[in-house]
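Peer 1: Using only what follows, build the 3D model:
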Amino acid sequence: MVIEPGVSVGPVHSGMTMQQVVAELGEPDQKQDGGMIYKNLGMAVGPDKGGIVQTVLCGAGGNTELTKSFAGHTKAGIGIGASRADVVSAYGNPTVTKSFGSKSQFEIIRYDSLGVQFTLSYDKVCVIAVFFKP
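Peer 2: Here you go, the predicted structure:
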């Protein structure tokens with residue numbers, strides 16, 4: 001699946017209802033707080049209050065509820081496991097950066113104008129969050 005920040009993650013795109021997501025991806029493995037988790041796709045889809053897709057989280061499997069890691073990537077080639085340098089090379093300096101955990105174990109780098117955020121663990125992308133604008 002190809003991620004187009006702020007626009008789509010594979011067949012899931014801005015403006016879709018959660019019912020349309022099910023029509024595209026099938027029934028989720030798990031539903032939680034209105035969102036849907038697709039464990040074998042390595043992704044979760046979250047709605048806004050009106051049931052329209054607002055966020056798609058693409059993550060690494062294993063240590064999360066996801067069975068498999070998300071196998072897709074952005075059009076710029078950034079996927080799970082990419083380095084911080086790869087992300088900055090592809091997208092430039094982020095709008096926001098935040099480190100947390102012991103010895104800066106985790107870092108969030110966000111690109112507000114693109115509608116995408118990367119969470120890194122030890123300098124490697126472990127979650128890609130895509131935000132759709134209403």
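Peer 1: if I look at the closest residue to T17 other than its chain neighbours, how far off is G10?
Peer 2: Across the structure, with C-beta to C-beta, 6 or more residues apart in numbering as the measure, the residue nearest T17 apart from its sequence neighbours is G51 (5.6 Å). For every residue, glycine as well, the C-beta is placed using N, CA and C. Using C-beta to C-beta, to the nearest Å, G51 is found at 20 Å from G10.
Peer 1: re earlier: gap between the residue nearest to T17 and I78?
Peer 2: In this structure, G51 lies at 29 Å from I78, with C-beta to C-beta as the measure.
Peer 1: Which one's more surrounded, those two?
Peer 2: Neighbour count, other C-beta atoms under 10 Å: between G51 and I78, I78 has more, with 21 against 12.
Peer 1: Low-confidence stretches in the protein?
Peer 2: 62-64, 103-104 (pLDDT under 70).
Peer 1: Which strand or helix spans the closest residue to D48 other than its chain neighbours?
Peer 2: Distance criterion C-beta to C-beta, 6+ apart; nearest residue to D48, sequence neighbours excluded, is Q54 at 4.2 Å. With elements delineated by DSSP states H and E, Q54 resides in strand 53-59, which encompasses its position.
Peer 1: Tell me the strands beside that strand, with direction?
Peer 2: With DSSP bridges as the criterion, the sheet partners recorded for strand 53-59 are strand 43-47 (antiparallel), strand 124-131 (antiparallel).
Peer 1: Grab the CA positions of it and hand them over as PDB.
Peer 2: This file holds the C-alpha atoms of strand 53-59, laid out as PDB (Å, rounded to 0.1, in the frame of the first residue of the first chain):
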ATOM      1  CA  VAL A  53     -12.000   8.500   8.700                       C
ATOM      2  CA  GLN A  54      -9.700  11.000  10.400                       C
ATOM      3  CA  THR A  55      -6.500   9.000  11.200                       C
ATOM      4  CA  VAL A  56      -4.800   5.900   9.800                       C
ATOM      5  CA  LEU A  57      -2.000   4.500  12.000                       C
ATOM      6  CA  CYS A  58       0.500   2.200  10.200                       C
ATOM      7  CA  GLY A  59       2.800   0.400  12.600                       C
END
